[in-house]
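>>> For reference, the sequence and a predicted model appear below.
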There are 6 protein chains.
Amino acid sequence: MTAPKTALVISAHAADFVWRCGGAIALHAQMGYEVTVLCLTFGERGESAKLWKQEGMDLQTVKDVRRKEAENAAKALGAEIVCLDKGDYPLELDRQDKDQIVDVIRRVQPSFMMSHSQYDPYNTDHSYTTQIALECRMIAQAWGHKPGEKVLGAPQLYLFEPHQTEQMGWKPDTFLDITPVWDRKRAAIESMEGQHHLWDYYTRVAENRANHFRRNSGGQAGGRECKYAEGFQSIFPRTVDEL
Amino acid sequence: MTAPKTALVISAHAADFVWRCGGAIALHAQMGYEVTVLCLTFGERGESAKLWKQEGMDLQTVKDVRRKEAENAAKALGAEIVCLDKGDYPLELDRQDKDQIVDVIRRVQPSFMMSHSQYDPYNTDHSYTTQIALECRMIAQAWGHKPGEKVLGAPQLYLFEPHQTEQMGWKPDTFLDITPVWDRKRAAIESMEGQHHLWDYYTRVAENRANHFRRNSGGQAGGRECKYAEGFQSIFPRTVDEL
Amino acid sequence: MTAPKTALVISAHAADFVWRCGGAIALHAQMGYEVTVLCLTFGERGESAKLWKQEGMDLQTVKDVRRKEAENAAKALGAEIVCLDKGDYPLELDRQDKDQIVDVIRRVQPSFMMSHSQYDPYNTDHSYTTQIALECRMIAQAWGHKPGEKVLGAPQLYLFEPHQTEQMGWKPDTFLDITPVWDRKRAAIESMEGQHHLWDYYTRVAENRANHFRRNSGGQAGGRECKYAEGFQSIFPRTVDEL
Amino acid sequence: MTAPKTALVISAHAADFVWRCGGAIALHAQMGYEVTVLCLTFGERGESAKLWKQEGMDLQTVKDVRRKEAENAAKALGAEIVCLDKGDYPLELDRQDKDQIVDVIRRVQPSFMMSHSQYDPYNTDHSYTTQIALECRMIAQAWGHKPGEKVLGAPQLYLFEPHQTEQMGWKPDTFLDITPVWDRKRAAIESMEGQHHLWDYYTRVAENRANHFRRNSGGQAGGRECKYAEGFQSIFPRTVDEL
Amino acid sequence: MTAPKTALVISAHAADFVWRCGGAIALHAQMGYEVTVLCLTFGERGESAKLWKQEGMDLQTVKDVRRKEAENAAKALGAEIVCLDKGDYPLELDRQDKDQIVDVIRRVQPSFMMSHSQYDPYNTDHSYTTQIALECRMIAQAWGHKPGEKVLGAPQLYLFEPHQTEQMGWKPDTFLDITPVWDRKRAAIESMEGQHHLWDYYTRVAENRANHFRRNSGGQAGGRECKYAEGFQSIFPRTVDEL
Amino acid sequence: MTAPKTALVISAHAADFVWRCGGAIALHAQMGYEVTVLCLTFGERGESAKLWKQEGMDLQTVKDVRRKEAENAAKALGAEIVCLDKGDYPLELDRQDKDQIVDVIRRVQPSFMMSHSQYDPYNTDHSYTTQIALECRMIAQAWGHKPGEKVLGAPQLYLFEPHQTEQMGWKPDTFLDITPVWDRKRAAIESMEGQHHLWDYYTRVAENRANHFRRNSGGQAGGRECKYAEGFQSIFPRTVDEL
């Protein structure tokens, strides 16, 4: 019996994984992958405006609410969630934090990883997270880091869809059909009660990405029917036996 | 019984397909693909220096020799070859030429296409060929072009490896293991008698690309053994059901 | 009394101006601009699949239907439309065609121009049109071209939104609020009877661009309410008296 | 009565704001904007060669001289100046420093911000400052950062002109006519007594940018007269009601 | 006795070579190079506004005046000039025109070539000329083109400085000290009587490029004194024996 | 008697300088340059897999072995080596470390410097090292850093060849013929006993770069014979008196 395949999503703030790759998570979970979501922060300072507008709000309450939402979303998607609570806006990680992330990477031994776009002038936490993901991937591959542990192979790092893609220099090279798990993604989206204004926005994104899926799979001459899709940019080249 | 899969390589000059994607051709031919190589020219003016250095050489003789070499190479690789003899250095195509290329595309109905890098300051025939490949792919998709014919779907266009990759802005995103068919590629290479100086050059390229294949498939922690490989850059995004 | 301001949209195929800048056209028309849409082709061969699937269809009928749709759309938007019928898939223009376009540019004397993205591997007619737009803008500025005519100033060239923006390297630097004229754009969209599958697609695009408008105008701390928007990329720098 | 508009310039070293956006500062000050210049350092180590060549020079004296020059320049331009004295060559900022910058941003509530180019291989303080400007802009927008304070909207970040623009990948998209305030900019320039070799250099830059202003505003067919100009690159898209 | 070294400048319009590489021409001429300037057009339609504003002007007169100016400039610089009179705005070349350019290249056998930037949205003649220069360089290298003639080696193609460098994506990698021949360049500039408005503009460019020369040759710690310079971008890599 | 010329190589890990610029080191050493190699780490954790696979291995032993190998390689190349032992995977440097690097730069006063590519998603130590090299070059130029010391001029920074060049966005603009010292480079390569799998890989790289050298120095019409070469990318423009 072989071990199940695994995947690891590194998300700067608690909600990012939902909008940007909730479908990929649910789809792979359904296929038997063990998917782990690593949230570096809860987005408690920067992405919880609705909560902060309530009178008498305090940081711990915001974190608690956001954690709960993220856990509900992960559950809806069928993923394990790990929250590191490193503090957002700005996110700043030291050597010990990196080691902690490396521990998760080595434990999961992901078949593929996911994180943010490499550039984001609106949100420096996002691009910083991707830089850290690459750095920790490298450490996890080092035979001399905690010698004796199983080292990491060479998993792909997919960059999931940022908000305002063109401003981030993000270009998807892979479209994934998430139609079979759309209900789960929508359920996860609806867990994000504080960001109601994004529910329909990301539903429209999924519908339009499905149009791209259809076109690139053959268009009006054989394109695959697809109602919802997600797009990803790959950092590393693929290795294949057939084109 | 389903029809065999097909592939189409559009090569500016007679020898290009050998150095740059001979392995991909042989491998897919071996898998049962029907692979067609479309040579727009014989490289008779610009890539036949050795022949021209012979006293009394004339254009028809150069073309004949080069055609023979290309046919031998195609045979070694297991591919059909179509030579259009459009004239090289510079290659210039009119509307009728494009229609002729579209005819080939529609006849082949390729699962994937291959051509040159999109930029090449050393050799404008190369980048022009890729521009034409994209234009003819578009025409072949048009329902109003020769109505009643089967229109083209949305095949990937892979850009094969140019000489001096970095000067061409070419970045491979896909490495293909061609170890099983290396002997056939080497045989095709040796058909190119006028370009002996490139035989070992492209053997070394294949060996070094194999190193890249191993690294990207896992490196020292699970990388796939591979002795010879080829690299390709994709123009269009992929559509998948699993990452 | 000063002359009304003017704008010129150069569209490769009959429907492009509707999806991509119908809002900008209607908005400026409503402000008193005289907006001219120059359609180089009807998209008769490449963008009329639905018509071609009808038995016994012929080229002239397709053109007639598409022209009618385009005229209806232009009318809904409040623009003048000029159709040159140059033939699509591929579009190919000679010196006389360019002169004809220059004549239109000089007649209109546009305050700003609009055309396609500069790169489009799916549709080479699009990028070719933009290249021609730049070339004809240059000719229209030449004092020695038809001396005595009023030469062109230096209007901005806005690139309107292509399909699959990230694949085209298109990056919007300007978002226009088209909420006040959304009904007119939707009416123009519904004139495109043969491309029903795009009606909702481009409605979703407009809704999501409105989200970008709100964010870039201040977000949750002062962002302007906006329900529908369009995005544009500028080719030339702006000249201003206040930042 | 509405509050005056405001602008914030974040300058790595004391003199940068003078050469690069002195005209923009003076022009907006004259229009009634309250312009604040935030100098992170005095450029005391890296941009004060002339002082250091004097025998017996010490760090405090250099700082005092440079501060005085910067204050004189700010006065000539009509701007408030805030000097943080964080140390240059290299500039290194910690969390507390960032909070201090955020405090200034929130206090000013700028209509627009300005800083350096995003890349500068000659001077890493410059690109680091822009990175910090983006990070602090993000923090200033966070409702959970010092809850209760007025959060920041979404001001444009203009990148002012670096030295050797092409090496920095800097591309201006906005030219500002500074003719009406040129005398004030030249006066500010002349406050920089230690960098006499740059006085005429940046006067020539302003004159040549005016040529660009004229060309882009219409050239020989209606271009606006302009004797001195400055160029800026925008990070974020604009939101407009008219193109 | 060895043959003198040679250089070839391919200029779209008659005046381009003066502003953009007049110093390089004069300097190499003074060193003994035989420098040939190939003007594809006189810039008669597009860059002769001042002449066209004169009443009763006609095309032949404009050409005559422009030719005279160009000849005077070439003489001042010490270069041979060849004018092809192919027609500007737009420049369009056919196969015969290319062959004619190849003839010049082969006759000159240049040690290095010069032409325009690769992108120019303001002036498509410029970028088209560079594309043609690369194409003709390739043809000139072909052993099968006019067999028996001496084929071309692999000369560098330097792109000289365009107007509004940043808009053209032009990045200089080589600065040439033209101080010893500045008088000759200024004399050539003053031959361009119809473009008086550019005399001081390009003098300022040369002075500011000298500042870049000084900085890159050592700055305040050993930089070479230099009063006037020109910048160039190289297309091809250099081959050297010492770094 | 003039002082000998000098060069400084900044290498993230002990072996990098061997594969990537061993030829340049040996060649310049042979010409009389004093070449200093600054190894920031031994690559002890991340690039010593073979050692770590031995039972009972410990960090100090790995460092000792790797130091010995690096010293042997430097000796074979004729260079001085300085090992800072800062710790790899990840490399992290503080202010004191930077000052130490600046001390080396100022002591060496290099005619040119060398380091890694600016981007490397596989190995963030590499790109971080180049960022530090640029930062320390800037500090070394500051008159106010340790006043009284001889400040640095403006040496070129060459980026040596990374593994998988295209993935790093590295583009060589300079090819150096290292044929005369190939034996020394191969000897240095063979000092790297733990990375036997790379010996032939980098021999093939040198052979293929020689092909590029030949092509760019004239190809089949006068190209220089060359058996082994190395490629480099320049960060800064050159200043020359002849093109």
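In hand now; what should we look at?

>>> Just the element for residue A:126, please.
Under the criterion DSSP states H and E, the helix or strand holding residue A:126 is helix A:124-141.

>>> anything in the helix or strand just after that helix near chain B?
For helix A:124-141, the following helix or strand on the C-terminal side (DSSP H and E) is strand A:156-160. Yes - contact of strand A:156-160 with chain B (C-beta under 8 Å from any C-beta of the partner chain) involves A:156, A:158. Any C-beta I mention is one placed from the backbone N, CA and C, and that applies to glycine too.

>>> Is the helix or strand just after strand A:156-160 positioned near chain C?
Next along the chain after strand A:156-160, taking DSSP H and E as the criterion, comes strand A:174-177. No - interface with chain C: strand A:174-177 contributes nothing (C-beta under 8 Å from any C-beta), its closest point being 10.1 Å away.

>>> Remind me what strand A:174-177 packs against, helices and strands.
Judged by 3 or more C-beta pairs under 8 Å, 6 or more residues apart in numbering or on different chains; DSSP states H and E, strand A:174-177 is in contact with helix A:16-30, helix A:199-216, strand A:229-234, strand B:238-240.

>>> quick one, which of the ones you listed is nearest to chain D?
Proximity to chain D (C-beta to the nearest C-beta) singles out helix A:16-30 among the helices and strands packed on strand A:174-177, at 14.6 Å.

>>> who does the very next helix or strand once past that closest one pair up with?
Sequence order places strand A:34-39 as the next helix or strand after helix A:16-30, per DSSP H and E. Each strand paired with strand A:34-39, and its direction, by DSSP bridges: strand A:6-11 (parallel), strand A:80-83 (parallel).

>>> Burial-wise, tell me which of these comes out on top.
Highest mean neighbour count among these (mean count of other C-beta atoms under 10 Å in any protein chain shown): strand A:6-11, with a mean of 26.

>>> what's the angle from the helix holding residue A:126 to helix A:16-30?
40 degrees (axes from the mean of the first three to the mean of the last three C-alpha atoms, to 10 degrees).

>>> Show me how far helix A:124-141 is from its chain's centre.
Counting by C-alpha atoms, centre = their mean, to the nearest Å, helix A:124-141 is centred 13 Å from the centre of its parent chain.

>>> Please apply the same query to stretch A:138-150.
Its chain's C-alpha centre and that of stretch A:138-150 lie 24 Å apart, by C-alpha atoms, centre = their mean.

>>> what comes up buried for that stretch?
A:138, A:139, A:140, A:141, A:142, A:143, A:144, A:145, A:146, A:147 (16 or more other C-beta atoms under 10 Å in any protein chain shown).

>>> Serialize the residues you listed to CSV and add fields for pLDDT and distance to residue F:134.
CSV is the format used below for the buried residues of stretch A:138-150 (pLDDT from 0 to 100; distance: C-beta to C-beta, whole Å):
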residue, pLDDT, distance to residue F:134
A:138, 98, 21
A:139, 98, 24
A:140, 98, 28
A:141, 98, 26
A:142, 98, 26
A:143, 97, 30
A:144, 97, 28
A:145, 98, 28
A:146, 98, 32
A:147, 97, 34
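
>>> just to revisit the earlier point, can you tell me which of the strands paired with strand A:34-39 is nearest to residue C:38?
Relative to residue C:38, the nearest member of these by C-beta to C-beta is strand A:6-11, separated by 47.2 Å.

>>> what does that closest one rub up against?
A:17, A:21, A:24-25, A:28, A:33-40, A:79, A:101, A:104-105, A:108-115, A:129, A:132-133, A:155, A:160, B:243 (C-beta atoms under 8 Å, 6 or more residues apart in numbering or on different chains).

>>> tell me the mean pLDDT for that strand?
Mean pLDDT, computed over strand A:6-11, is 98.

>>> Same question for stretch A:219-231.
Here stretch A:219-231 scores 91 as its mean pLDDT.

>>> Which element is encountered next along the chain beyond the lowest-mean-pLDDT helix or strand in chain A?
One helix or strand of chain A scores below all others by mean pLDDT, DSSP states H and E: helix A:49-52, with a mean of 95. Next along the chain after helix A:49-52, taking DSSP H and E as the criterion, comes helix A:59-77.

>>> Compute the inter-axis angle for that following helix and strand A:6-11.
Using the same axes, to 10 degrees, helix A:59-77 lies at 150 degrees relative to strand A:6-11.

>>> Checking helix A:59-77 against chain B, do any of its residues make contact.
No - if you take C-beta under 8 Å from any C-beta as the test, helix A:59-77 misses chain B, and the best it gets is 14.7 Å.

>>> can you list contacts of that helix?
Residues outside helix A:59-77 that contact it (C-beta under 8 Å, 6+ apart) are A:14-15, A:17-18, A:22, A:25-26, A:29, A:35, A:37, A:39, A:42-45, A:48, A:51-52, A:80-81, A:83, A:85, A:184-185, A:187-189, A:191-194, D:144.

>>> rerun at 7 Å
Residues outside helix A:59-77 that contact it (C-beta atoms under 7 Å, 6 or more residues apart in numbering or on different chains) are A:14-15, A:18, A:22, A:25-26, A:29, A:37, A:39, A:42-44, A:48, A:51-52, A:80-81, A:83, A:85, A:184, A:187-188, A:191-193, D:144.

>>> can you check stretch A:80-88 too?
For stretch A:80-88, contacts defined as C-beta under 7 Å, 6+ apart pick out A:13, A:36-46, A:63, A:67, A:70-71, A:74, A:93, A:97, A:100, A:104, A:125.

>>> do stretch A:42-55 as well
Outside stretch A:42-55, the residues that touch it by C-beta under 7 Å, 6+ apart are A:13-15, A:57, A:59, A:62-63, A:65-67, A:83, A:85, A:88-89, A:194, C:220, D:142-145, D:147.

>>> distance between the ends of stretch A:30-39?
Its first and final residues considered, stretch A:30-39 spans 21 Å by C-alpha to C-alpha, to the nearest Å.

>>> what does chain A put close to chain C?
By the rule C-beta under 7 Å from any C-beta of the partner chain, the part of chain A lying against chain C is A:49, A:164-167, A:170-172, A:201, A:204-205, A:207-208, A:211-212, A:220.

>>> before we move on, back to that, could you dump the strands paired with strand A:34-39 to a markdown table with distance to residue B:178?
As requested, those are arranged in a markdown table below (distance: least, C-beta to C-beta, whole Å):
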| stretch | distance to residue B:178 |
| --- | --- |
| strand A:6-11 | 29 |
| strand A:80-83 | 39 |
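
>>> Number of residues surrounding residue A:97?
Neighbours of residue A:97 under the rule other C-beta atoms under 10 Å in any protein chain shown: 16.

>>> Am I right that it falls within a helix?
Yes - assigned with DSSP: H, G, I helix; E, B strand; the rest coil, residue A:97 falls within a helix.

>>> give me every residue that touches it.
Going by C-beta under 7 Å, 6+ apart, residue A:97 touches residue A:86.

>>> Distance check, it against residue F:202.
Relative to residue F:202, residue A:97 is positioned 36 Å away (C-beta to C-beta, to the nearest Å).

>>> Please apply the same query to residue A:159.
Distance of residue A:159 to residue F:202, given as C-beta to C-beta: 31 Å.

>>> do residue A:217 as well
Applying C-beta to C-beta to residue A:217 and residue F:202 gives a distance of 41 Å.

>>> what's near enough to touch the residue in chain A that chain F sits nearest to?
Relative to chain F, the nearest point of chain A is residue A:144 (3.2 Å; C-beta to the nearest C-beta). Residue A:144 is in contact with F:44, F:45, F:46, F:48, F:52, F:59, F:62, counting by C-beta under 7 Å, 6+ apart.

>>> How about it, nearest residue that isn't a chain neighbour?
Leaving aside its chain neighbours, residue A:144 sits nearest to residue F:45 (3.2 Å; criterion: C-beta to C-beta, 6 or more residues apart in numbering or on different chains).
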